[in-house]
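# with the sequence up front, the predicted model follows.
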Amino acid sequence: LPPPPSFISIQGGGKTCSVPVCLRRSPRPILQAPLSLRPAIFGHVRPCLLPSAHVRSSTSVAEESEHSLGQTEEGRRVSLKGEVAKLFAQAIETVFPGEGVEPLIALPGNPKFGDYQCNNAMSLFSKMKGKENAPFKNPRDLATGIMAALPESPLIQETSIAGPGFINVKIAPIWLGAELEALVTNGTATWAPPVPDQRNRVVVDFSSPNIAKEMHVGHLRSTILGDSLCRALEFCGADVLRLNHVGDWGTQFGMLIEYLKDQGTEEGGKEISDLQAFYKAAKIRFDEDAEFKTRAQKAVVKLQGGDSESLAMWTSICEVSRREFATLYSRLGVTLQERGESFYNQQIPSILAELADKQVAVENEGALCVFPLGADGKQDKDKTPLICRKSDGGFNYASTDLAALKQRLDVERADWLIYVTDSGQKNHFGMLFESALRAGWLEARERIAPRLDHVGFGLVMGEDGKRFRTRSGEVVRLVDLLDEAKERCLKQLQDRWGGSEEGEGGHTDEELERAAEAMGYGAVKYADLHQNRSSNYTFSFDRMLDLRGNTAVYLLYAHARIASIVRKSECDVVKMVSDTKGPVIQLDDPAELQLALMIGRFPEVVESLLDELAPNRLCEYLYDLSGSFNDFYGQCKVLGVEQQSSRLALCEATAMIMRQSFYILGITPLMRI
């Protein structure tokens with residue numbers, strides 16, 4: 001090719017500009033071209049030594065700020081991080097056409113360098129290094145080429161290159177302010193990102209207590225985690241089926257039915273005032289009385305055979321449990337559809353027959369088993385199998401789980417199945433999913449193959465480092481735990497309020513009760529959700545009710561503080577923003593800009609939550625958002641200043657995102673504390 005001229009004239013997008021061209025040994029030029037022309041420029045000349053920074057004028061951003069973030073084909077929100085990734089995907093495709101490189105977008109280690117960072121240059125250079133006619137001499141040179149190819153976008157204020165090739169991006173404050181105004185006007189629903197891979201029909205299996213046993217602290221994590229995942233999915237537009245796979249079938253019911261008969265009534269339900277005591281008494285009798293044990297074993301056979309009297313008593317026992325479960329779920333704000341083990345009984349024989357016909361399950365010592373595959377692709381009988389039918393012909397948990405999985409795929413037409421149980425069941429669900437895969441149940445239907453996830457979690461520990469129990473060694477009942485959380489918060493509020501708050505009037509007993517419930521139950525939930533779910537965590541009322549730490553109580557107070565600021569202004573902020581012609585939010589102070597950026601990251605945090613099935617991502621964000629607001633409020637006076645309208649809008653946007661985050665976590669926000 002002939003050497004390029006010193007300057008070339010490029011036309012595109014209705015604009016023309018002269019671009020200085022350099023050779024390798026030439027001084028570094030400044031590329032004075034609009035972003036819309038960069039792809040065209042790149043097609044004419046390789047910018048081997050472009051500037052390390054390109055700053056857009058506030059005028060050009062203002063002209064384009066009316067354009068908001070893009071949407072997916074389903075009309076869902078593209079996150080700010082996702083929009084930055086789209087821009088870099090286009091740029092990388094321009095530089096490396098047809099390679100299909102996924103942009104690596106992250107937050108910079110130091111915020112002073114930028115708001116987002118593209119980290120592809122080093123890995124791309126290592127792939128092309130040593131190839132003949134490699135167009136770039138080092139990663140920084142390659143990063144310069146990618147930066148030059150970035151398409152024009154109103155969200156970018158500035159780009160720069162740091163170190164060996166990190167491309168930093170700063171978001172345009174005018175564009176960001178307009179986005180926050182749209183949030184205040186249109187609500188948080190417009191900021192919901194899409195469900196991963198468009199898996200819009202989701203079944204979530206969680207909580208799953210056993211009939212005739214009280215819910216205890218061991219059920220806490222599954223219930224809270226499962227509910228939060230459902231709320232996040234529903235916020236993003238998924239059709240979620242919340243299933244409570246209760247243990248309502250099995251050998252223990254023969255014991256319970258016979259013990260109920262011995263109490264002198266067939267009604268049963270009225271006699272069981274303390275379900276836990278009833279179960280314990282029946283178990284003691286079963287263990288100590290051989291004649292009773294024999295009768296109980298026969299009763300199981302009669303129940304499974306459809307005996308009407310046995311079924312009536314079984315129904316009575318189940319109903320007592322349901323009433324107790326419903327009370328607890330109501331207190332926690334959790335909704336579920338019960339579909340217990342008994343629901344799948346009739347489907348089990350045909351499911352196991354299918355697995356046997358396909359040689360997925362094989363007979364072994366009288367039992368029907370699915371063995372893991374060995375290196376040769378054959379079932380390895382030296383490894384622990386999934387026993388899906390016992391040697392005596394009886395069914396078990398695996399039998400029911402296989403039937404349930406098949407029903408959820410075939411009848412419920414689920415794109416995504418999520419099971420929320422303790423990590424101790426990891427191997428069980430691993431073999432369950434492998435069985436479904438080998439049986440051909442997970443083949444793509446219509447557009448996508450079903451996805452299966454086991455959301456495992458660790459144990460709730462006491463402060464002694466052992467499993468959380470009462471002083472007498474008993475399992476802690478969930479109802480007792482919630483009662484104590486509420487009582488502690490009620491005492492805290494009574495001590496704090498003393499009849500008034502900042503001159504806004506006293507609080508009624510009803511308000512105290514509601515606030516204590518919101519704080520107490522919220523504290524229990526947040527203490528669980530903000531942990532890495534895979535880890536054990538120590539249950540401590542003192543820590544979870546701390547006003548100064550990363551707790552629900554601290555965050556609820558922070559939200560109430562924002563609500564108080566807005567109340568004092570006597571301004572309808574949403575109406576004010578909606579009615580104002582022209583920009584309202586001005587992000588001139590660094591603390592204002594930092595808060596706005598933190599608010600803007602909410603959609604990508606929800607994306608992260610669903611990608612990892614980890615609500616702690618949202619908890620971390622909520623705590624950071626509260627910290628950013630505190631910094632803003634410490635630096636920027638809100639009321640009685642020229643910027644009052646702008647800063648009130650920032651307050652309202654913060655409160656809206658906090659409330660939506662609380663909702664996803666299952667926590668009730670408080671407007672006054």
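Looks like it arrived, so ask away.
# secondary structure class for residue 609?
Secondary structure for residue 609, judged by DSSP: H, G, I helix; E, B strand; the rest coil, is helix.
# what's the helix or strand for the spatially closest residue to it that is not a sequence neighbour?
In this structure, residue 609 finds its nearest non-sequential neighbour in residue 617, 4.7 Å apart by CB to CB, 6 or more residues apart in numbering. Glycine gets a C-beta too; all of them are placed from N, C-alpha and C. If you go by DSSP states H and E, residue 617 is part of helix 616-635.
# show me what that helix is packed up against.
In terms of contacts (3 or more CB pairs under 8 Å, 6 or more residues apart in numbering; DSSP states H and E), helix 616-635 is packed against helix 509-529, helix 552-569, helix 590-600, helix 602-612, helix 644-665.
# got the buried residues for that helix?
Neighbour-count burial for helix 616-635 flags 616-619, 621-623, 625-626, 628-629, 631-633 (criterion: 16 or more other CB atoms under 10 Å).
# repeat for stretch 329-346
329, 331-334, 336, 338-344.
# any chance of these in TSV, plus distance to residue 288 and secondary structure?
What follows is those, written out as TSV (distance: CB to CB, whole Å; DSSP: H, G, I helix; E, B strand; the rest coil):
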residue	distance to residue 288	secondary structure
329	35	helix
331	37	helix
332	37	helix
333	42	coil
334	38	coil
336	36	coil
338	33	strand
339	35	coil
340	29	coil
341	28	helix
342	29	helix
343	34	helix
344	34	helix
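# nearest to residue 588 among the residues you listed?
Distances from residue 588 to the buried residues of stretch 329-346, taken as CB to CB, are shortest for residue 333 (40.6 Å).
# so that closest one makes contact with residue 666?
Yes: with contact defined as CB atoms under 8 Å, residue 333 reaches residue 666; the gap is 5.7 Å.
# okay, and the common contacts of these two?
residue 227 (CB atoms under 8 Å, 6 or more residues apart in numbering).
# pLDDT added to the buried residues of helix 616-635, as TSV?
Below are the buried residues of helix 616-635 laid out as TSV (pLDDT from 0 to 100):
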residue	pLDDT
616	97
617	98
618	98
619	98
621	98
622	98
623	97
625	98
626	97
628	97
629	97
631	96
632	97
633	97
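# quick one: residues contacting residue 257.
Neighbouring residues of residue 257 by CB under 8 Å, 6+ apart: 296, 299, 303, 310, 313, 314, 317.
# could you measure from it over to residue 299?
Plainly put, residue 257 is 5 Å away from residue 299 if you go by CB to CB, to the nearest Å.
# need the overlap of contacts for the two.
residue 310.
# residue 203: which element?
strand 201-205.
# contacts only, for the closest residue in space to residue 470 that isn't next to it in sequence.
Spatial nearest neighbour of residue 470, chain neighbours left out: residue 476 (5.7 Å); criterion: CB to CB, 6+ apart. By CB under 8 Å, 6+ apart, residue 476 lies in contact with 216, 217, 468, 469, 470.
# do you know how far residue 476 is from residue 327?
17 Å.
# would you say residue 640 is within a strand?
No: according to three-state DSSP, residue 640 belongs to no strand; its state is coil.
# and it, how far from residue 370?
Counting by CB to CB - residue 640 and residue 370 are separated by 71 Å.
# before we move on, the earlier item: tabulate the buried residues of stretch 329-346 (CSV), appending distance to residue 413 and pLDDT.
Output for the buried residues of stretch 329-346, formatted as CSV (distance: CB to CB, whole Å; pLDDT from 0 to 100):
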residue, distance to residue 413, pLDDT
329, 26, 96
331, 33, 96
332, 29, 96
333, 28, 96
334, 24, 97
336, 20, 96
338, 20, 96
339, 16, 96
340, 21, 93
341, 22, 93
342, 23, 92
343, 17, 94
344, 17, 94
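# for these, name the two members farthest from one another.
331 and 344 (29.3 Å).
# remind me which residues of the stretch 451-600 of the chain are low pLDDT?
471-472, 498-506 (pLDDT under 70).
# please apply the same query to the stretch 51-200 of the chain.
Within the stretch 51-200 of the chain, the segments meeting pLDDT under 70 span 51-76.
# repeat that for 80
Applying pLDDT under 80 to the stretch 51-200 of the chain picks out residues 51-77, 129-134.
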